[in-house]
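In: Next one to model:
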Amino acid sequence: MKQYSKRMVIAHWLTLGLLVLAWYLGDALSDSTDESRATLLGYVVHASVGIAVLLLIAMRLFFRGKDGAPPAIGNAMMDKVAHGVHHTLYLLLFMIPITGILTVLRSSVAKALLSGDANMLPKAHGFHGLLVHSLHGTLVNVLIAVVVIHVLGAFKHQFVDKDGLLERMMLRRK
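Out: Just a heads-up that it's a prediction; the model follows:
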């Protein structure tokens, strides 16, 4: 079975690690904001991780174009589902950082960061009514659901179909 290129595999697993970190930081930042304890550093770190995800996704698409992808397994319906899941993942992984950037720009966060004044950061429920912030959170929840579907599909291939599909995304080569 043909495997993904090593750089695609590395980008895949780095993206996962950064997504977990971004989710954790975003959750902590949300709690801090609602308790009026958010810090400039909290926003900078969360945004930096989000931008890193965006850059990694762009790199993955570039690598995929250069290196290609392994062929589909051969079950037409499941291949279409997998194709849809992967496209949805890529779309979400672009949209979430974009909505995060727009949240910063459309709120007092940008002014606080530019001035270095944490007192200007949103306070308790400071993003209430900001549609792009709500969209950012909703897209994160949709991403979690799609990732669960993605992982369940990988487990199905590994443990039910036993077709070795998961090997395509591993660094260790046979």
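In: contacts and neighbour counts: CA atoms only from here.
Out: OK.
In: Strands of the protein, start to end?
Out: Per DSSP state E, the chain has no strands. Nothing in it meets that criterion.
In: Under the pLDDT cut-off, which ranges of it? List them.
Out: Regions of the chain meeting the criterion pLDDT under 70 cover residues 1, 173-174.
In: let's go with 90 and repeat that
Out: In the predicted model, the chain carries pLDDT under 90 at residues 1-3, 34-35, 69-76, 78, 124-126, 128, 163-168, 171-174.
In: Quick check: longest helix in it by residues?
Out: Secondary structure of the chain per DSSP state H: the longest helix is helix 76-106.
In: Check the offset of it from the chain's centre.
Out: Taking CA atoms, centre = their mean, to the nearest Å, one finds the center of helix 76-106 at 8 Å from the center of the full chain.
In: Who are the packing partners of it?
Out: Packing partners of helix 76-106 (3 or more CA pairs under 8 Å, 6 or more residues apart in numbering; DSSP states H and E): helix 40-67, helix 131-155.
In: May I see the buried residues of that helix?
Out: 82, 85, 88-90, 92-101, 103-104, 106 (16 or more other CA atoms under 10 Å).
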